[in-house]
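Trainee: Have a look; sequence and predicted model below, questions after that.
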Amino acid sequence: MMGECKWLLLFEEFGLPVGLLPLVDVIEVGFVRNTGYMWIVQKKKVEHSIKLISYDTQIIGFVDKKRIKKLKGIKAKNISNIKH
């Protein structure tokens, strides 16, 4: 619960939507204000089959006002081969 509060506060401070990263059981959040580098660690990988996106146990990137750069730990599956 403590980790979830920290990343929510970080996102709020930088004007990022809270639902941007639907994380579960966050155990660690870190942020280096000088560089904008942030990391979030959760207990287990989260996969959303409807959205075809998975969130690894560790997510890292650089936070700035209303944007995240060089985000790692999130994968989107290619849906171009799915026929309608």
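Mentor: Nice, thanks for sending it over.
Trainee: And the helices in the protein, which stretches?
Mentor: With DSSP state H as the criterion, the chain has helices at 2-13.
Trainee: any weak-confidence spans in the protein?
Mentor: Applying pLDDT under 70 to the chain flags the ranges 1-4, 49-51, 78-84.
Trainee: Where do the strands of it begin and end?
Mentor: Listed in chain order, the strands of the chain (DSSP state E) span residues 26-32, 37-42, 46-48, 53-64, 67-76.
Trainee: which strands and helices sit next to the shortest one?
Mentor: In this structure, strand 46-48 makes packing contacts with strand 53-64, judged by 3 or more C-beta pairs under 8 Å, 6 or more residues apart in numbering; DSSP states H and E. Yep, even glycine has a C-beta here, placed from its N, CA and C like the rest.
Trainee: Compare the strands of the chain and give me the one nearest residue 15.
Mentor: Closest to residue 15 of the strands of the chain is strand 67-76 (C-beta to C-beta; 8.9 Å).
Trainee: That closest one: which residues count as buried?
Mentor: 68, 73 (16 or more other C-beta atoms under 10 Å).
Trainee: How about stretch 16-24?
Mentor: The neighbour-count check on stretch 16-24 (16+ other C-beta under 10 Å) flags 16, 21, 23 as buried.
Trainee: Over to stretch 52-61?
Mentor: Going by 16+ other C-beta under 10 Å, stretch 52-61 has these buried residues: 55, 56, 59, 60, 61.
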